[in-house]
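**Q** coords please:
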Amino acid sequence: MEESKPRKRLAAVLVTVAVLLGAGAVLIGASTRAPDAAATASIAAANTGASVNVPAAEPVSERPVPATASDARNLRTCSVSALAADPRLADFQAQVINASTGEVLFDRGGDTSSRTASVLKVLTSAAALEVLGPDYRATTTVVTGSTPGSVVLVGGGDLTLTRLPTGTESVYPGAAHVDELARQTLAAWRANPANPPITSLVLDASFFGGPGWEPSWDELERNAGSMPDVTALQVDGDRDDPSRQSSSRSADPVGRAGAAFAAALGGGVSVSVGTAPAGA
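**A** Got it, this is the predicted structure:
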């Protein structure tokens, strides 16, 4: 029984030491962290209902609004101005206008007088429509010649007449065909038993005056297939190949048309250039 007392004393001492050590740890932790003054003030203010000093937000300016709203329109985001200024284009001139509004969309020398070049066809077409009207049709006809056994092929300005066989279209859809014209000619000729066989063909291209090729024009245009001589009698626009838009042209479109018609008549006829007799 005497031995138990020292053990009780030792246990009490250990408990005391443990309590002291715990208190010391708390004191050490408290001493190593300073209180957050702002947080303490906020908590104290919240507990007492007092207001907290929070920085005021800067005022936001109102979004600007135009006095009048503009109509919606497409914005042009590209331009040909830089390309049009390429020196390789030489004296390039152009003007593009919105036909609905009259707005000039692009202009480079549009007010500078110059040769009309390819746009001349637009002026010519406008003049033809004004004078001849939209229902005018250029025709190619055949009349009786001034000598027995002769007929005259009279050109009326139809450059679309084709030498391709009926049923085959050329570059001009719906064009008249030489073989059909020859068929009608033979039928009308043979309807009169007094007519001898056709042995002579005269080509009349007198409907157009002046030279067929202006000397200042570049021969390359004809050789490369861009344009023919301007004559009242020709076939397929005088193309070597009637089925191609660009095809070399000849120096004798009237002769080419005559050869095609003579062949359609069955051959064996002489071909010459002249005019139809008055009242034929």
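**Q** which residues of the stretch 51-200 of the chain fall in strands?
**A** Remark: strands assigned in the stretch 51-200 of the chain by DSSP state E, counting those that start in this stretch are 94-97, 104-108, 141-144, 150-154, 200-204.
**Q** other SSEs contacting the fourth one?
**A** When contacts are defined as 3 or more C-beta pairs under 8 Å, 6 or more residues apart in numbering; DSSP states H and E, strand 150-154 packs onto strand 141-144, strand 200-204, helix 253-264. All C-beta spots, glycine's among them, are computed from the backbone N, C-alpha and C.
**Q** can you add distance to Arg190 and mean pLDDT and give these back as JSON lines?
**A** JSON lines is the format used below for those (distance: least, C-beta to C-beta, whole Å; pLDDT from 0 to 100):
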{"stretch": "strand 141-144", "distance to Arg190": "13", "mean pLDDT": "98"}
{"stretch": "strand 200-204", "distance to Arg190": "16", "mean pLDDT": "98"}
{"stretch": "helix 253-264", "distance to Arg190": "15", "mean pLDDT": "98"}
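**Q** comparing the strands of the stretch 51-200 of the chain, which comes out most buried?
**A** Highest mean neighbour count among these (mean count of other C-beta atoms under 10 Å): strand 150-154, with a mean of 23.
**Q** what pairs with it, and is each one parallel or antiparallel?
**A** strand 141-144 (antiparallel), strand 200-204 (parallel) (DSSP bridges).
**Q** quick one, which of those is nearest to Asp241?
**A** strand 200-204 (22.3 Å; C-beta to C-beta).
**Q** what's opposite Asp204 in the beta bridge?
**A** Val154.
**Q** how near is it to Ser146?
**A** 12 Å (C-beta to C-beta, to the nearest Å).
**Q** Ala188 too?
**A** Distance from Ala188 to Ser146, by C-beta to C-beta: 18 Å.
**Q** try Leu123
**A** As for Leu123, its distance to Ser146 is 39 Å (criterion: C-beta to C-beta).
**Q** so between these two, which is more surrounded?
**A** Ser146 (14 against 10; other C-beta atoms under 10 Å).
**Q** tell me how many other residues crowd the closest residue to the more buried one other than its chain neighbours.
**A** Nearest non-adjacent residue to Ser146, counting by C-beta to C-beta, 6 or more residues apart in numbering: Pro277, 4.5 Å away. The number of residues packed near Pro277 is 15, by other C-beta under 10 Å.
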